[in-house]
Structures are given as C-alpha cells and as structure tokens.
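# Build me a model:
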Amino acid sequence: MTKLGYLIRSARPVRWMKRTAQGLYLRGFEGSSLYETLQFFGTQTRNRSLNSRAAAISFNFLMSIPPFSIFLFTLVPFVPMHNLEKSLYELAADITPNYNTFKIVQGVIHDFMYTHHNGLLSISFIVGFFYSSNAVMGIIISFSKDLPGFTQRKWYQNRLMALRLTCFLVLLFIIVLALLVMQGALLRYVMEYLGISNLKVRATLNVARWSIIVLLFFSIIAILYHFGPSVEKRWRYLTPGAVLATVFMILVTVGFSWYVNHFNNYNKIYGSVGTIMILMLYIFLNSFVLLVGFELNAAIRVLKEMRNSAKAKGQSLPQV
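Coordinates of the predicted model:
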C-alpha cells in the first residue's frame, strides 16, 4: 500500500465510514454487510474490467440495431393502435440524448410506418429476430462467471436464452407502447370529466409518461438479471442491482441529454458523425451501468453461497 493510500484509509472519516458499513445490513443483501459486499464488488471489478466488457456489449448492441429495427418496425404498420406513431416519436424523444439523434430515429420510424414490406415480411422477421438477439447474447456472455452459485451454459443454450429474452423484451416494448397510447386518452378523459384544468392534465400526463418509462427501464434490467446469468438459483426480479442500475440509467439519460444539448459541440464540429459518437457514448455508459448492477447482485449471491458453504463445513467466511 502506498503512503497516500495508508493516509486515506487511516483518516478518521474513512475509518468511521468503514465501521458503519461493516455494521450495516441492508434489505436484499442476503445477510452480507454493506462493507463485505462492496469489498467483494471492488475485487471482482478489478479482476474483470468493466470498461472492456461494457465496450463489448456496446459493440454487439450497435451491430444489432439495424436488424432489430427491421424486426420490430416490420410489425409496427400492422398494429391497429390509434396514435401509435405519435407515441413512438414521444418515446424516442424521451430516451434519445439530443435532437439530432432523435431526428435519425424519427426518420427510421417514419419509413417503416408508411412502407409495408409485405413481400419481405417473413424473411425480415426471421433474419431480423435472429441477429437482433446478438445484443442480448453479448450481455449473457458478459454475465458469465466461474464463482460459487454460477454454472456454465453451452453455446446453443446461450443462443436459445438470447432469443427467448429478445422475445420478452419485444413484447414488453409493445406493452409499454400500448400503455403510453392508452394512458393519455384515459387520463385526459377522467380529468376533463372531473373538470380539472388543461395545465394540470399536461402535468399529470408527463408524470404518467415518465413513470411508464422508468418502469420500462426497470423491467428490462430485471428481466436481464433474472434470466441472463447462468446461476444455480435465479435471482429475484426486485434486487439491489436492478434498483441501482435503473436509477443510474435514468440519471445517465437525463444528465447526458442535458450535457449534450447545452455544452457539447460534437454536432457543430463533426456533423452527422458527431451524432453517431454521441449515440455510441450513450450506449456505452448504459452498458457500464448494467454491469455495475449485475456485479452488485453477483457479489451478494456469491457471498451468500460462500457463507452457506463455510457454515456447512464448520468454518468461518474466508476473506475476500
């Protein structure tokens, strides 16, 4: 340990924080203290770099965007849903980091909404569905570990799980779109019936829309954490890692959008290339956050397995 590191660790505030964390047992941490969990989390993230794994997920995600768009938006024109196009635009505007990125996404949506590719529907559906699962495949591979409580899948099992998760996520996306469409009409009707002003109606609609978007983020993360890792016992949907990743992804989305719109000059300097750079950075940050939440859940589960194993052998929990 360096002299600076020793001075930091021996400082009174740091020692107080350490003692507090050692005695803090949070709900959902399955019997591990906050200090034990964070210590194991730090060890694992140093051994397996989060940056390189997040970069791998980002690459697979970017490569899967075109086939996923073909797969999803081939179905969109055949969905009999009122105000669907407007809801798609509003959702894209909420989750894209800046206006230029939104315009690109809007153009893709508009093209698929008004062009019925009947002759290529079956081919586009199958090919797009298969290759769009590559993003989920990259996440599943990044979730693999050789630690207590984890198992190993064969390559075809990973592919089948990726296809299954892609189905879940597409269905979830369609359900969220339906909620976004229906909640506006329903809330507007109820509030107009009660005689509530238009200003309050708009405020309530904004709160409802963002609540649905937050629920979408959490549901996607929870499904990935529940089905993605190859573990002996699947994690619950509501986990500390899922909550942490959801909060951080919302903060990344809002903060990144604010930064790009107010302080960034990529678009002025690089034009359309700047928009692609912004999109890549946004995907990387969210991939990093996804791995942080996963590593937190993994630390909690591995510590529990190590504790149970040590208890069965009459030993104390080994130091991590």
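# Residue 46: neighbouring residues, count only.
By other Cβ atoms under 10 Å, 9 other residues sit near residue 46. Where C-beta positions appear, they are placed from N, C-alpha and C, glycine not excepted.
# Now do stretch 57-73, average pLDDT.
The average pLDDT within stretch 57-73 is 76.
# can you tell me how far residue 39 sits from residue 279?
According to Cβ to Cβ, to the nearest Å, residue 39 stands 36 Å off from residue 279.
# no no, residue 159
Counting by Cβ to Cβ - residue 159 and residue 279 are separated by 27 Å.
# what do you get for residue 55?
Counting by Cβ to Cβ, the separation of residue 55 from residue 279 is 15 Å.
# Which one's more surrounded, those two?
Per other Cβ under 10 Å, whichever of residue 55 and residue 279 has more neighbours is residue 279, with 19 against 15.
# The more buried one: what secondary structure?
helix (DSSP: H, G, I helix; E, B strand; the rest coil).
# I'd guessed it sits against residue 101; true?
Yes: Residue 279 lies in contact with residue 101 (Cβ atoms under 8 Å); the separation is 5.6 Å.
# Just checking, which helix or strand of this structure averages the lowest pLDDT?
Between all helices and strands in the chain, the lowest mean by mean pLDDT, DSSP states H and E belongs to helix 266-270, at a mean of 59.
# what ranges do the helices span in the stretch 101-250 of the chain?
Assigned by DSSP state H, counting those that start in this stretch, the stretch 101-250 of the chain shows helices spanning 121-132, 134-142, 155-193, 198-227, 240-262.
# Need the ones you listed in a markdown table (columns: mean pLDDT, distance to residue 105 and mean neighbour count).
Formatted as a markdown table, those follow (pLDDT from 0 to 100; distance: least, Cβ to Cβ, whole Å; neighbours: other Cβ atoms under 10 Å):
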| stretch | mean pLDDT | distance to residue 105 | mean neighbour count |
| --- | --- | --- | --- |
| helix 121-132 | 69 | 16 | 16 |
| helix 134-142 | 88 | 16 | 22 |
| helix 155-193 | 76 | 14 | 15 |
| helix 198-227 | 81 | 15 | 16 |
| helix 240-262 | 85 | 14 | 17 |
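# Serialize those helices to JSON lines and add fields for distance to residue 286.
Formatted as JSON lines, those follow (distance: least, Cβ to Cβ, whole Å):
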{"stretch": "helix 121-132", "distance to residue 286": "17"}
{"stretch": "helix 134-142", "distance to residue 286": "11"}
{"stretch": "helix 155-193", "distance to residue 286": "14"}
{"stretch": "helix 198-227", "distance to residue 286": "9"}
{"stretch": "helix 240-262", "distance to residue 286": "6"}
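# Now do the contacts for the residue nearest the centre of the chain.
In the chain, the residue lying closest to the centroid (Cα atoms, centre = their mean) is residue 221, at 4.7 Å. By Cβ atoms under 8 Å, 6 or more residues apart in numbering, the contact list for residue 221 reads 242, 245, 246, 249, 290, 293.
# give the contact list for the third one.
I take that to be residue 246. Contact analysis of residue 246 by Cβ under 8 Å, 6+ apart lists 214, 217, 218, 221, 293.
# For residue 233, grab phi and psi.
With angles defined as degrees, to the nearest 10, residue 233 shows backbone torsions of phi -130, psi 120.
# Share the number of residues neighbouring it, please.
By other Cβ under 10 Å, 9 other residues sit near residue 233.
# who's in contact with the closest residue to it other than its chain neighbours?
In this structure, residue 233 finds its nearest non-sequential neighbour in residue 149, 7.3 Å apart by Cβ to Cβ, 6 or more residues apart in numbering. By Cβ under 8 Å, 6+ apart, the contact set of residue 149 is 231, 232, 233, 301, 302, 304, 305.
# distance of residue 149 from residue 282?
Residue 149 is 32 Å from residue 282, by Cβ to Cβ.
# got it, and residue 252?
From residue 252 over to residue 282 the distance is 8 Å, taken as Cβ to Cβ.
# Can you measure across stretch 26-34, start residue to end residue?
7 Å (Cα to Cα, to the nearest Å).
# what's it in contact with?
Residues from elsewhere that reach stretch 26-34, judged by Cβ under 8 Å, 6+ apart: 21-25, 37, 238-240, 299-301, 303-304, 307.
# do stretch 153-163 as well
Contact partners of stretch 153-163, identified using Cβ under 8 Å, 6+ apart, comprise 129, 130, 133, 134, 136, 137, 140, 141, 144, 227, 228, 230.
# Spatially nearest residue to residue 142, not counting backbone neighbours?
For residue 142, ignoring the flanking residues on the chain, the nearest one in space by Cβ to Cβ, 6+ apart is residue 53 at 4.6 Å.
# Neighbours of the one you found, how many?
The burial count for residue 53: 22, using other Cβ under 10 Å.
# Quickly find the element holding it.
Per DSSP states H and E, residue 53 falls inside helix 50-75.
# chain center to that helix, what's the gap?
Centroid displacement of helix 50-75 relative to its chain, using Cα atoms, centre = their mean, to the nearest Å, is 13 Å.
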